[in-house]
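Asker: Predicted structure and sequence below. I'll ask about it afterward.
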Amino acid sequence: MNIPLYLWLIPVLPFAGFLINGLLGSRLPKALVSTVALAFPLASFAVVLRAASLAWPGSSSIALPYVENFAGSWINAGPLHIDFTFALDQLTLVMLLVITGVGFLIHIYSVGYMAHEEGYWRYFAYLNLFLFFMTVLVLAENYLLMFVGWEGVGLASYLLIGFYFDKKSAADAGRKAFVVNRIGDVGFLLGMFLLLSNFGSLSFGKVGGILALHPTEQGGILTAIALCLVLGACGKSAQIPLYVWLPDAMEGPTPVSALIHAATMVTAGVYMIARTHGIFDRSPFALAVVAIIGAATALFAATIGLVQTDIKRVLAYSTISQLGYMFLGCGVAAYSAAVFHLMTHAFFKALLFLAAGSVIHGLGGEQNLLRMGGLRKKLPVTFWTMTAGVFAIAGFFPFAGFFSKDAILYDAFEHGTIGKALYFVGLVTALLTSFYMFRLWYLAFFGESRAEAHAGADQGSSHSTLHTSHSEPHESPWSMLTPLVILALLSIAGGWIGIERFGNFLAPAVGPVIDPVLEPGGKSLEIALGGVAVAVALLGWFIAHLFYGSKNKRAENLAASLPAVHNALVKKYGIDELYHAAIVQPLTLGARYFLGWIGEGVIIRGSAWLLAGIATLLGEFLRRWQSGNLRSYSAWLAAGAAALLIFAAYLTWMVR
Amino acid sequence: MPFDQVPSSWYLILSAALFTLGVVGFLIKRTLITVFMSIELMLNAVNLSFVTFAHEWHAVKGQIFVFFVMMVAAAEAAVGLAIIIAIFRARATLNVDQIDLMKL
């Protein structure tokens, strides 16, 4: 039996919030705006919880996947049929719980964080709009509807990155994110066209069914489709080579970074690969590409994260690195491990961003780690919750990050020869992750306050100008601390479900989990690898402690002794500059000179001039007829009548 | 030759000749009165062809049309002559090439 789940309500409720706040928000009182902004996501979360309770394994009142057609047919063109259809399976359920749950917490947090901002209502309208598109993305039962959500979250992301649109860097960052994502979207679109021409359908279910009918089909067109989709996923999930937009996206308000650019939207690429795993499973080459992209990105971003001084940028590179982990998991066909890491990462990275936001809020907009320090006593709740986040991301037992990272590393280790290399890269990344997170932790919360030491050079954020007058750091209001505490608890306990149970739950949606218990010697290998991971995390902590635990010059000395390396890291390997010189510059120059001269000058202006010349000449000739002399008009009239008569006579006598 | 034995085509040729005279007069004459008379001539040429066709086809419609045309022409003559007198009073001329105040 199937009880209706009202899946359509899940996106529509936040959309209603968006409409109310977006259309009327500027005239509503602030309290009402926040009530609307919180009530609709909460209602949406409630619908998700109801669906989850009905679909929970054991309750068996709903058979998953549950498909709901909510608005009939969308496109009916010849053999192409696309419907407005939502589907709920285990993967979607996990995503929905993360999106609406963490999303709701971040909404609460935003009420406190954005309290003194201009455009309060605009912010919440965008945030609700984001939830609408994100839920559409994960609920969609076909690629095209998923693409609608995919583009929509891009739009919401663009609007929120550019929230402080009067600041040039924010507006530029928004545009950069949008354009870079479009490059990935080309891949997604091409993948869809290939799917359509080879499968004749864009429905996940139908494509899966056709794949099941040809169990031996491998590679070839499936590799092409998978690689196109990977390009799309790289754009959305900020992987090499399209990762450049995510660090700049930190120009947006911090809760936005937490929700969109850490917990939910950027994981859409991972979700997409897990969702289409049927295609990836048939293409070992595409899987290897995903794994290598993931491993390379994880390591690459982690190295940049080592030297960043902006607290949000450290977290941004850390996000890219962790997304690389998820790609690595997908690439070794450990989709449930990747989704597990996606979930725990959503908890602890949202927590880290929100705690960073609380620090920034407490310091009146200060984002530079070098000007923080000694905040442990002044922001105690922020400190303790952040500590939970740091331990979780560094992978300490029994925090959430340990379990999911361990699962990915284990699955990579088991994945043949290439897997061993991937495992090693993952391990080095874990070391770097642990190091830069503890570096952040020490710089922000320990030692003496360096607020005055570096004062002067202005590198602040746009946050809350009202706060700059406070010189004393202050703890954030309860509306910000409550989500922090909840997320801290989730960051501690979120992994306790364990990969076996989580994987078995997800198995119908993403394929069976690689279960260490079933492998020969698997359990002891898993424990050994877990021990290595914790040891590496401890090593990272130890190194960070050496450098930043007490007042010393070790970090500066190391940087001075390796100037080339340090420079490369601080300059982020110059990738932005490289892209600028290799892609942006030729395009702008080409647009200005080639298109400007040939296209604009010759073709467009030339054709306009030609038309204008013809019209002028014709006018010169015709205007002689319109002399204003009535008699000449009547003479032409008579001549015309005579011509008609002659023609009639011709018809009468000659043509006969 | 009895009236009935004159062929219809003769009347039509006469009508065409009268009409052409009217057109030519309309085009070449400068005096407003003559132009006006040319228009009347064209109307009556058309009347003649109406009557001819009515006679030829034994249809009374053509004759009714003639009455209409005569009526309208009479009304038009009254109005037109009044305008001509008014123009002459105002401008002291009836040369159409000089009555051009409305032109740009």
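Answerer: Good, I have the coordinates.

Asker: Quick one: residues contacting residue A:288.
Answerer: By Cβ atoms under 8 Å, 6 or more residues apart in numbering or on different chains, the residues touching residue A:288 are A:331, A:418. Placement of C-beta: from N, CA and C, glycine included.

Asker: can you pull the buried residues of the host helix or strand of it?
Answerer: Using DSSP states H and E, residue A:288 sits within helix A:284-305. Going by neighbour count (16 or more other Cβ atoms under 10 Å in any protein chain shown), the buried part of helix A:284-305 is A:286-287, A:289-305.

Asker: just stretch A:45-56 next, same as before
Answerer: Buried, per 16+ other Cβ under 10 Å, within stretch A:45-56: A:45, A:47, A:48, A:51, A:52, A:54, A:55.

Asker: before we move on, what about stretch A:116-128?
Answerer: A:117, A:120, A:121, A:122, A:123, A:124, A:125, A:126, A:127, A:128.

Asker: Identify the residues contacting the longest strand seen in chain A?
Answerer: As assigned by DSSP state E, the longest strand anywhere in chain A is strand A:66-77. Strand A:66-77 is contacted by residues A:2, A:4-5, A:7-8, A:51, A:55, A:81-89, A:141, A:144-145, A:205 when judged by Cβ under 8 Å, 6+ apart.

Asker: can you do 6 Å?
Answerer: If you take Cβ atoms under 6 Å, 6 or more residues apart in numbering or on different chains as the criterion, strand A:66-77 is touched by A:5, A:7, A:8, A:82, A:83, A:84, A:85, A:86, A:87, A:88.

Asker: again with stretch A:175-194
Answerer: A:143, A:154, A:157-158, A:161, A:224-225, A:228-229, A:231-232, A:234-236, A:242, A:245, A:248-249.

Asker: Format the CA atom coordinates belonging to that stretch as PDB.
Answerer: The C-alpha trace of stretch A:175-194 is given here as PDB (Å, rounded to 0.1, in the frame of the first residue of the first chain):
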ATOM      1  CA  ARG A 175      29.400  36.500 -12.000                       C
ATOM      2  CA  LYS A 176      32.500  34.300 -12.000                       C
ATOM      3  CA  ALA A 177      30.500  31.600 -10.200                       C
ATOM      4  CA  PHE A 178      27.800  31.800 -12.700                       C
ATOM      5  CA  VAL A 179      30.000  31.800 -15.800                       C
ATOM      6  CA  VAL A 180      32.200  28.900 -14.500                       C
ATOM      7  CA  ASN A 181      29.100  26.900 -13.700                       C
ATOM      8  CA  ARG A 182      27.800  27.500 -17.200                       C
ATOM      9  CA  ILE A 183      30.900  25.800 -18.600                       C
ATOM     10  CA  GLY A 184      30.100  22.700 -16.500                       C
ATOM     11  CA  ASP A 185      26.500  22.900 -17.600                       C
ATOM     12  CA  VAL A 186      27.500  22.600 -21.200                       C
ATOM     13  CA  GLY A 187      28.800  19.100 -20.200                       C
ATOM     14  CA  PHE A 188      25.600  18.300 -18.400                       C
ATOM     15  CA  LEU A 189      23.500  19.400 -21.500                       C
ATOM     16  CA  LEU A 190      25.700  17.400 -23.900                       C
ATOM     17  CA  GLY A 191      25.300  14.400 -21.600                       C
ATOM     18  CA  MET A 192      21.600  14.800 -21.700                       C
ATOM     19  CA  PHE A 193      21.600  15.000 -25.500                       C
ATOM     20  CA  LEU A 194      23.600  11.900 -25.800                       C
END
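
Asker: about what we covered before: next, format the buried residues of stretch A:45-56 as TSV and append distance to chain B.
Answerer: Shown next, in TSV, are the buried residues of stretch A:45-56 (distance: Cβ to the nearest Cβ, whole Å):
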residue	distance to chain B
A:45	75
A:47	73
A:48	75
A:51	77
A:52	81
A:54	82
A:55	82
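
Asker: Get me the contact residues on chain A for chain B.
Answerer: A:628, A:631, A:635, A:638 (Cβ under 6 Å from any Cβ of the partner chain).

Asker: For the first one, give me the backbone phi and psi.
Answerer: Comment: the main-chain dihedrals of residue A:628 come out as phi 90, psi 0, following degrees, to the nearest 10.

Asker: circling back: which element follows the helix holding residue A:288 toward the C-terminus?
Answerer: helix A:311-331.

Asker: what's the distance between the helix or strand following that next one and the middle of its chain?
Answerer: The first helix or strand that comes after helix A:311-331 along the chain, using DSSP H and E, is helix A:335-362. Its chain's C-alpha centre and that of helix A:335-362 lie 14 Å apart, by Cα atoms, centre = their mean, to the nearest Å.

Asker: what packs against helix A:335-362?
Answerer: On a contact count with 3 or more Cβ pairs under 6 Å, 6 or more residues apart in numbering or on different chains; DSSP states H and E, helix A:335-362 meets helix A:90-113, helix A:254-258, helix A:268-275, helix A:311-331, helix A:380-394, helix A:400-413, helix A:478-493, helix A:499-510.

Asker: by how many degrees do that helix and helix A:268-275 diverge?
Answerer: 160 degrees (axes from the mean of the first three to the mean of the last three Cα atoms, to 10 degrees).

Asker: average pLDDT across helix A:335-362?
Answerer: Helix A:335-362 carries an average pLDDT of 92.

Asker: Same check on stretch A:158-176?
Answerer: 92.

Asker: do the same with stretch A:373-388
Answerer: Stretch A:373-388 comes out at a mean pLDDT of 89.

Asker: Identify each buried residue in it, please.
Answerer: Here stretch A:373-388 shows A:373, A:375, A:376, A:378, A:379, A:381, A:382, A:383, A:385, A:386, A:388 as buried, counting by 16+ other Cβ under 10 Å.

Asker: from these, which is closest to chain B?
Answerer: Closest approach to chain B among the buried residues of stretch A:373-388 (Cβ to the nearest Cβ): residue A:382, at 81.8 Å.
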